[in-house]
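# Here's my sequence, what's the structure:
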Amino acid sequence: MIPTYEIDDDQWDALVRDAAKVFDDVTINRGFQYYKQGRVVKLTMPEPRQIAALVEGSELYRVSANLEWLERSRCNCPVSYNCKHAFAALLKYADVHGRPVHALVNARSREMPKAAPKANSYHEAKLQAAKKASEDESALRELAARLPSAGAEEWHRYFAAATERLMQGARNAQFVDDVLAAIVRLKPSMPRRAEDMFAMHARLFVLSKLSKQPQDQSGYVYSYLAFHTHHAAEDVHQSIAKTFEEGILASAEDGESYAGQTIAYLRKEMLKETNDAKYFLQHYLGAWLYRSFAPDDERRACADELLELDRSDDGIATASAAASLAIAVARAAMLQRIDDEAARKALRQTPQAGALPSEILSYFFALPARAEQWQRLTDWLEWAAPKMNFRRNQDVRPYAEYWEIAARHLPEAEERMWDVLASRLPQSRQLYEEKLLARGRWERWMDYHLSQGSDPLEFRVTDLQPVEKNAPELLLPFYHQAIERYVLQKNRDGYKIAVRLLKRLAKLYKKLKQERRWELFLEGFASRNSRLRALQEELKKGNLLS
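Below you'll find the predicted structure:
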């Protein structure tokens, strides 16, 4: 017989009864808390009736449990068996296999509910299904009727009810279209402001479903999203970000009510998300960035938000949530006009302080830029430099643009920019070079490449054209240095490349109207290397010697 990893109703009933015997009330309560906090970070099934789990306590503990003999559950925590870690793992197993978690939690205090009688026939089952569908539709219509006067929390309850049947499908662009269509199917007409906010929250709901990290049948949670899911999530994420940028939270009409509900929702979601993209953290920061306040109201709202974040600290269960909380605290501190050092201190306390994503750091640049506080913006850009990943082009571009903005308004910002980019070499090489060429700093650009021993053949002719047009004399040592390096290789290939570079050099001397100087150099070069017969042959082939 082929072994199965599934569990039938009789096996489930037996498991619940065994759990009631093996685990006491205190262990059940503590294990349930661990499960709710997401501390079961990995769960696998090495064999059909055996589970293995990693559970986060004061450290990571390994749990092994036989589902047919719970008394033999083992854990490497100090308790060693029948512990809260084992019970949390058991709850995770039940959740993965679609079994009611609360049946295990309440196993000691309640009798097992009797299984529903099976339908006597296909016709009876069909009638029951139709009746349930009708009841569900009626309940959904009741929820929909209340939408115009409801708030964000009730909207999300409606979203969940309206899309329940779609949640088993693949997460992709079609999933997005299907879910949004199901949400608007019964939606009544609403005031314009409510319509806009409802539509945005519908997309936030979709994003929450797309960004939830997948797990396999054993309960193991992957650290990445599938390709099509990732692209669908990115599209929805960008549309939400655009909505914030267009000022959906800036309207005075019903603004405070909707803005407060939206920020409360985003705060809750950002502390739950574990994927690396941090979509909800970005939208939380964006909501604060694009929300409009009178000066006194903004300070008061930020103070209130800091209190909310402080309360949230008690429920933090993962390093990811702790990082999001610290970033949110930093942003609130910055908005409240406290010393920016308080915000930076909060950022330094995040687990990923040494490599904060550029998407997150950009929000800390945006505030002083929007307020036209150029010195403050420059200070933030300089502080963030060690945390930037200059090898990722998409990370560097927004950062570079903020430097351009600062330099346009604050003359001393430009020199600080050069110092920062130079300090991050060689990682910042591409950006450093681009800015030197864009600003006509030909000599500095050339000095950098001479010091690095760069090869002219690494560049296309078009790459060197700006220097050749504006400061051609700077290219002379560049070519001379490279030619000598290839000659020192003392092989035929090196000589061929040296001749190619000599031809470029001849054109450069001609452009500078220094033909006589070129002739003297070539004569000395050929004489100095007269014993290198292969080089002499290549010079003749290249028509450089007669």
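# Quick check, residue 250 in contact with residue 289.
No - using CB atoms under 8 Å, residue 250 makes no contact with residue 289, being 10.6 Å away. Bear in mind the C-beta positions are built from the backbone N, C-alpha and C, glycine included.
# Comparing these two, which residue is more hemmed in?
residue 289 (18 against 13; other CB atoms under 10 Å).
# confidence score at the spatially most central residue of the chain?
Geometric centre of the chain, nearest residue: residue 277, 1.9 Å, by CA atoms, centre = their mean. Model confidence at residue 277, given as pLDDT, is 82.
# Could you do the one 5 residues further on as well?
Residue 282 carries a pLDDT value of 93.
# Find the nearest non-adjacent residue to it, please.
residue 359 (5.8 Å; CB to CB, 6 or more residues apart in numbering).
# That neighbour: neighbour count?
Counted with other CB under 10 Å, the neighbours of residue 359 add up to 18.
# helix or strand for it, which one?
In the assignment (DSSP states H and E), residue 359 maps to helix 358-370.
# Against which helices or strands is that helix packed?
helix 279-290, helix 319-335, helix 374-384, helix 393-409 (3 or more CB pairs under 8 Å, 6 or more residues apart in numbering; DSSP states H and E).
# Report the buried residues of the second one.
Of the residues in helix 319-335, those buried under the neighbour-count criterion (16 or more other CB atoms under 10 Å) are 320-335.
# Can I get it in CSV, CA atoms only?
These are the backbone C-alpha positions of helix 319-335, laid out as CSV (Å, rounded to 0.1, in the frame of the first residue of the first chain):
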residue,chain,number,x,y,z
ALA,A,319,12.5,39.5,13.5
SER,A,320,10.7,40.7,10.3
ALA,A,321,7.9,42.4,12.4
ALA,A,322,10.5,43.9,14.7
ALA,A,323,12.3,45.4,11.8
SER,A,324,9.1,46.9,10.4
LEU,A,325,8.2,48.3,13.8
ALA,A,326,11.6,50.0,14.2
ILE,A,327,11.3,51.5,10.7
ALA,A,328,7.8,52.8,11.5
VAL,A,329,9.0,54.3,14.8
ALA,A,330,11.8,56.0,13.0
ARG,A,331,9.5,57.5,10.4
ALA,A,332,7.0,58.7,13.0
ALA,A,333,9.9,60.3,14.9
MET,A,334,11.1,62.1,11.8
LEU,A,335,7.6,63.3,10.9
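# Check which element follows it along the chain.
Immediately after helix 319-335, counting by DSSP H and E, sits helix 340-348.
# Need the residues that contact that next one.
326-327, 329-331, 333-334, 353, 356, 364, 376, 379-380, 383 (CB atoms under 8 Å, 6 or more residues apart in numbering).
# One more pass at 10 Å, please.
323, 325-336, 339, 353-354, 356, 360-361, 364, 367-368, 376, 379-380, 383-384, 387 (CB atoms under 10 Å, 6 or more residues apart in numbering).
# gap between it and the chain center?
Centroid displacement of helix 340-348 relative to its chain, using CA atoms, centre = their mean, to the nearest Å, is 21 Å.
# quick one: average confidence on it?
The predicted model assigns helix 340-348 a mean pLDDT of 84.
# cool, stretch 56-75 as well?
pLDDT averaged over stretch 56-75 gives 84.
# Extract the C-alpha set from that stretch and format it as PDB.
Only the C-alpha atoms of stretch 56-75 are listed here, as PDB (Å, rounded to 0.1, in the frame of the first residue of the first chain):
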ATOM      1  CA  GLU A  56      10.900  29.700  17.900                       C
ATOM      2  CA  GLY A  57      11.200  30.100  21.700                       C
ATOM      3  CA  SER A  58      14.100  31.600  23.500                       C
ATOM      4  CA  GLU A  59      16.000  29.800  20.800                       C
ATOM      5  CA  LEU A  60      15.000  27.500  17.900                       C
ATOM      6  CA  TYR A  61      13.800  24.200  19.300                       C
ATOM      7  CA  ARG A  62      13.400  20.900  17.300                       C
ATOM      8  CA  VAL A  63      10.200  19.000  17.800                       C
ATOM      9  CA  SER A  64       9.600  15.400  16.700                       C
ATOM     10  CA  ALA A  65       6.200  13.800  17.100                       C
ATOM     11  CA  ASN A  66       4.500  10.600  16.200                       C
ATOM     12  CA  LEU A  67       0.800  11.300  15.500                       C
ATOM     13  CA  GLU A  68      -0.200   7.800  16.500                       C
ATOM     14  CA  TRP A  69       1.800   7.900  19.700                       C
ATOM     15  CA  LEU A  70       1.900  11.500  21.100                       C
ATOM     16  CA  GLU A  71       3.400  10.400  24.300                       C
ATOM     17  CA  ARG A  72       6.600   9.800  22.400                       C
ATOM     18  CA  SER A  73       6.800  13.500  21.300                       C
ATOM     19  CA  ARG A  74      10.300  14.800  21.800                       C
ATOM     20  CA  CYS A  75      11.800  18.400  21.900                       C
END
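# Could you pull out the buried residues of the longest helix anywhere in the chain?
Across the chain, the longest stretch assigned as helix under DSSP state H is helix 122-145. Buried positions in helix 122-145, judged by neighbour count with 16+ other CB under 10 Å: 140, 143-144.
# from those, which is closest to residue 303?
Residue 303 has its nearest neighbour among the buried residues of helix 122-145 in residue 143, at 35.6 Å by CB to CB.
# how about the nearest residue to the closest one, chain neighbours excluded?
Closest residue in space to residue 143, ignoring its immediate chain neighbours: residue 158 at 4.6 Å, by CB to CB, 6+ apart.
# I'd like to know which elements the particular helix or strand that has that neighbour in it is packed against.
Assigned by DSSP H and E, residue 158 belongs to helix 152-162. Contact analysis of helix 152-162 by 3 or more CB pairs under 10 Å, 6 or more residues apart in numbering; DSSP states H and E lists helix 122-145, helix 173-184, helix 192-210, helix 255-270 as its packing neighbours.
# other SSEs contacting the second one?
What it means is helix 173-184. Counting by 3+ CB pairs under 10 Å, 6+ apart, helix 173-184 packs on helix 122-145, helix 152-162, helix 192-210, helix 227-245.
# Repeat the analysis, applying 7 Å as the threshold.
Packed against helix 173-184, as judged by 3 or more CB pairs under 7 Å, 6 or more residues apart in numbering; DSSP states H and E, are the following elements: helix 152-162, helix 192-210, helix 227-245.
# if I look at the residue nearest to residue 282, how far off is residue 286?
10 Å (CB to CB, to the nearest Å).
# again with residue 507
53 Å.
# So between those two, which is more surrounded?
Between residue 507 and residue 286, counted using other CB under 10 Å, residue 286 has the larger neighbour count: 20 against 12.
# Residue ranges of each domain in this structure, please.
What automatic domain parsing lists as the domains of the chain is 9-105, 138-215+225-370, 470-541.
# Now residue 146: closest residue in space that isn't a chain neighbour?
residue 154 is the one closest to residue 146 (CB to CB, 6+ apart), at 6.7 Å.
# what about that neighbour, how many neighbours?
Neighbour count for residue 154, taken as other CB under 10 Å: 13.
# now do the one 10 residues further on
Other residues near residue 164 number 12, with proximity taken as other CB under 10 Å.
# Check for me that residue 53 belongs to a strand.
Yes - Residue 53 sits within a strand when classified using DSSP: H, G, I helix; E, B strand; the rest coil.
# residues near it, how many?
By other CB under 10 Å, 27 other residues sit near residue 53.
# so who does it touch?
When contacts are counted by CB atoms under 7 Å, 6 or more residues apart in numbering, residue 53 touches 40, 42-43, 63, 89, 92.
# 10 Å instead?
39-45, 61-65, 75, 85-86, 88-90, 92-93, 218-220.
# one step back: common neighbours of residue 250 and residue 289, please.
residue 244.
# Residue ranges in the stretch 201-350 of the chain under the pLDDT threshold?
Scanning the stretch 201-350 of the chain with the threshold set as pLDDT under 70 gives 213-225, 251-256, 293-296, 317, 337-338.
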